[in-house]
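>>> just the structure for this:
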Amino acid sequence: MARKTSKRMREAAKTVEAGKVYSLKEAIETLLSAPKTKLDESLEVSFHLRVDTKKSDHMVRGTVILPHGTGKKVRVAAFCRGEAEKEAQEAGADYIGAQELIDKVSGGWMDFDAVVATPDIMKDLSKLGKILGPRGLMPSPKTGTVTQKVGQAVKELKAGKVEYKVDKQGGIHVAVGKLSFGADKLCENALTLIESIKNAKPASVKGEFVKSLFLSSTMGPGCRTNV
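Coordinates of the predicted model:
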């Protein structure tokens with residue numbers, strides 16, 4: 001049975017010209033002009049990269065701090081002990097602890113959006129790999145979330161630091177802000193992300209790196225965008 005498309009979606013689809021490749025600013029302005037929902041939708045940037053994800057040296061992963069944040073309140077859980085607890089508290093971490101916090105997560109509690117940890121607690125925290133891993137919450141030195149500088153890591157996450165990682169299909173999908181930000185701020189955030197991913201191109205990948213780039217809103221159409 002064919003899925004019925006809402007009137008709003010049909011009207012929104014008309015704002016995007018089929019087959020056209022938009023500039024970044026033009027794509028954002030087009031999506032902003034589409035009929036809105038009652039929600040403050042996010043703008044998502046979707047990349048299709050020319051990588052072979054079966055090769056370990058083709059893994060594209062990193063973090064970037066968006067200049068205008070994501071528009072989402074980030075609840076940070078900091079796993080640490082001693083002096084690091086005070087540092088995490090001063091930086092604004094929402095939940096702080098060691099074994100008692102690990103036990104709480106092990107029991108099914110997941111009221112947080114990001115995790116930071118000090119290196120000394122990773123042996124204990126590794127027991128939560130099957131819980132945190134599938135949700136993309138397991139801290140890692142590569143993303144700066146396993147660090148002695150817990151306070152700095154917390155502040156960066158609160159300020160709009162986002163993580164990206166290529167999936168098995170060679171795709172990366174990242175929300176770069178709310179439509180209410182307006183075109184200029186969304187454009188700056190999107191450009192910051194695009195430059196970060198382009199700079200993360202593996203040395204072994206030759207030629208064109210980004211095969212395609214699309215912008216879309218949470219409940220709206222997608223615009224193909226030039227890189």
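>>> all helices of this protein, in order?
In the chain, the segments counted as helices under DSSP state H are 7-14, 24-33, 83-91, 99-106, 122-125, 129-132, 150-159, 183-199.
>>> nearest to residue 168, of the ones you listed?
Taking Cβ to Cβ, helix 183-199 is the member of these nearest to residue 168, at 17.1 Å. In this view, the C-beta of every residue, glycine as well, is placed from N, C-alpha and C.
>>> follow-up on the earlier one: and the helices of the chain as TSV, adding mean neighbour count and distance to residue 42?
As requested, those are exported to TSV (neighbours: other Cβ atoms under 10 Å; distance: least, Cβ to Cβ, whole Å):
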stretch	mean neighbour count	distance to residue 42
helix 7-14	13	15
helix 24-33	20	11
helix 83-91	18	25
helix 99-106	15	26
helix 122-125	15	29
helix 129-132	12	23
helix 150-159	21	17
helix 183-199	18	10
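>>> tabulate those in JSON lines, adding columns for distance to residue 169 and mean pLDDT.
Formatted as JSON lines, these follow (distance: least, Cβ to Cβ, whole Å; pLDDT from 0 to 100):
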{"stretch": "helix 7-14", "distance to residue 169": "24", "mean pLDDT": "65"}
{"stretch": "helix 24-33", "distance to residue 169": "22", "mean pLDDT": "94"}
{"stretch": "helix 83-91", "distance to residue 169": "36", "mean pLDDT": "96"}
{"stretch": "helix 99-106", "distance to residue 169": "30", "mean pLDDT": "96"}
{"stretch": "helix 122-125", "distance to residue 169": "29", "mean pLDDT": "94"}
{"stretch": "helix 129-132", "distance to residue 169": "23", "mean pLDDT": "94"}
{"stretch": "helix 150-159", "distance to residue 169": "27", "mean pLDDT": "94"}
{"stretch": "helix 183-199", "distance to residue 169": "16", "mean pLDDT": "96"}
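>>> show the contacting residues for the residue nearest to residue 153 when sequence neighbours are not counted.
Among residues not flanking residue 153 along the chain, residue 116 sits closest, at 4.4 Å (Cβ to Cβ, 6 or more residues apart in numbering). By Cβ atoms under 8 Å, 6 or more residues apart in numbering, residue 116 lies in contact with 76-80, 88, 93, 139, 145-147, 150, 153-154, 157.
>>> can you check residue 186 too?
Residue 186 neighbours (Cβ under 8 Å, 6+ apart): 28, 43, 68, 176-177, 179.
>>> got it, and residue 177?
42-43, 66, 68-71, 185-186, 189.
>>> weed out the non-buried ones from those.
By neighbour count, with 16 or more other Cβ atoms under 10 Å, those hold 42-43, 66, 68-71, 185-186, 189 as buried.
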